[in-house]
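**Q** Have a look; sequence and predicted model below, questions after that.
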Amino acid sequence: MAKTQLNVRVDEGTARAARERALERGMSVNRYIEELVRQDTGEVGRTFVEAAADFMKQYESVFAEEFGPDREGTSEGRR
């Protein structure tokens with residue numbers, strides 16, 4: 001995958017913490033930051049999917065009534 005450069009300004013304490021955490025994990029600061037972003041975006045995606053699943057479960061009867069198998073194949077069911 002092609003890489004692109006991203007320049008970020010942070011305070012010295014944040015930079016020090018990033019360097020220390022990366023060193024503890026045996027990776028570059030670049031790789032550490034990249035993994036943090038991937039984890040964060042993964043969390044957001046997972047949270048969205050969980051919320052969508054909860055919504056579907058909560059309204060399961062409404063969806064079944066509106067789009068259930070007894071309506072398949074009818075013009076009513078293909079709205």
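**A** Done, it's in.

**Q** This protein: helices as residue ranges?
**A** Taking DSSP state H as the test, the helices found in the chain are 12-24, 29-58, 60-67.

**Q** of the ones you listed, which approaches Leu6 most closely?
**A** Within the helices of the chain, the stretch nearest Leu6 is helix 29-58; the backing value is 8.6 Å (Cβ to Cβ). Quick note: C-beta positions are derived from backbone N, CA and C, even for glycine.

**Q** Can you give me the buried ones in the closest one?
**A** Tyr32, Ile33 (16 or more other Cβ atoms under 10 Å).

**Q** Which elements pack onto it?
**A** Counting contacts by 3 or more Cβ pairs under 8 Å, 6 or more residues apart in numbering; DSSP states H and E, helix 29-58 is packed against helix 12-24.

**Q** Name the residues of the helix it packs on that come out as buried.
**A** Ala18, Ala22.

**Q** rewinding a little: can you say which of the helices of the chain is nearest to Thr4?
**A** helix 29-58 (11.3 Å).

**Q** could you give the angle of the closest one to helix 60-67?
**A** Angle, helix 29-58 to helix 60-67, by axes from the mean of the first three to the mean of the last three Cα atoms, to 10 degrees: 70 degrees.

**Q** Export the helices of the chain as JSON lines, with columns for mean pLDDT and distance to Thr4.
**A** Listed next are those as JSON lines, based on pLDDT from 0 to 100; distance: least, Cβ to Cβ, whole Å:
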{"stretch": "helix 12-24", "mean pLDDT": "97", "distance to Thr4": "19"}
{"stretch": "helix 29-58", "mean pLDDT": "87", "distance to Thr4": "11"}
{"stretch": "helix 60-67", "mean pLDDT": "85", "distance to Thr4": "42"}
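
**Q** want to throw the ones you listed into a markdown table with distance to Gln5?
**A** Shown next, in a markdown table, are the helices of the chain (distance: least, Cβ to Cβ, whole Å):
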| stretch | distance to Gln5 |
| --- | --- |
| helix 12-24 | 17 |
| helix 29-58 | 10 |
| helix 60-67 | 46 |
